[in-house]
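[1] missing the sequence, but the structure's below:
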């Protein structure tokens, strides 16, 4: 079954959170190279999640927006 737009956006948010958590753990271990790479991945996922969420929001009729 294909993934809905809402599910896709939610998964991107989850991936971003996981990457942020992994980056923090790497930083605590002193592995700053991995922490930097994971932080970059987290930022990429966060940006994609925000874009997808905004795309979904634009499709909602104005009268239904809170």
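    Perfect, I can see it now. These figures come from a predicted structure and were not determined experimentally.

[2] pull out the buried residues from whichever strand or helix holds residue 14.
    Taking DSSP states H and E as the criterion, residue 14 maps to helix 5-29. Across helix 5-29, burial judged by 16 or more other C-beta atoms under 10 Å covers 8, 9, 12, 13, 15, 16, 19, 20, 22, 23, 26. (Each C-beta comes from the backbone N, C-alpha and C, glycine too.)

[3] same check, this time on stretch 30-39
    So, applying 16+ other C-beta under 10 Å, buried residues of stretch 30-39: 35, 38, 39.

[4] I'd say the second one and residue 22 touch.
    Yes. Residue 38 is in contact with residue 22 according to C-beta atoms under 8 Å; the separation is 4.9 Å.

[5] in terms of pLDDT, where does residue 57 sit?
    Residue 57 carries a pLDDT value of 88.

[6] where's it, which helix or strand?
    helix 32-59.

[7] got the buried residues for that helix?
    So helix 32-59, judged by 16+ other C-beta under 10 Å, has buried residues 35, 38, 39, 41, 42, 45, 46, 48, 49, 52, 53.

[8] got these as a markdown table, with distance to residue 61 and pLDDT columns?
    Below are the buried residues of helix 32-59 laid out as a markdown table (distance: C-beta to C-beta, whole Å; pLDDT from 0 to 100):
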| residue | distance to residue 61 | pLDDT |
| --- | --- | --- |
| 35 | 43 | 96 |
| 38 | 39 | 96 |
| 39 | 37 | 97 |
| 41 | 35 | 96 |
| 42 | 33 | 96 |
| 45 | 29 | 96 |
| 46 | 27 | 96 |
| 48 | 25 | 96 |
| 49 | 23 | 95 |
| 52 | 19 | 94 |
| 53 | 17 | 93 |
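
[9] before we move on, back to that, CSV please, covering the buried residues of helix 5-29 and showing pLDDT and distance to residue 61.
    Shown next, in CSV, are the buried residues of helix 5-29 (pLDDT from 0 to 100; distance: C-beta to C-beta, whole Å):
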residue, pLDDT, distance to residue 61
8, 93, 21
9, 93, 19
12, 94, 24
13, 95, 24
15, 96, 29
16, 95, 28
19, 96, 34
20, 96, 33
22, 97, 39
23, 97, 38
26, 97, 44
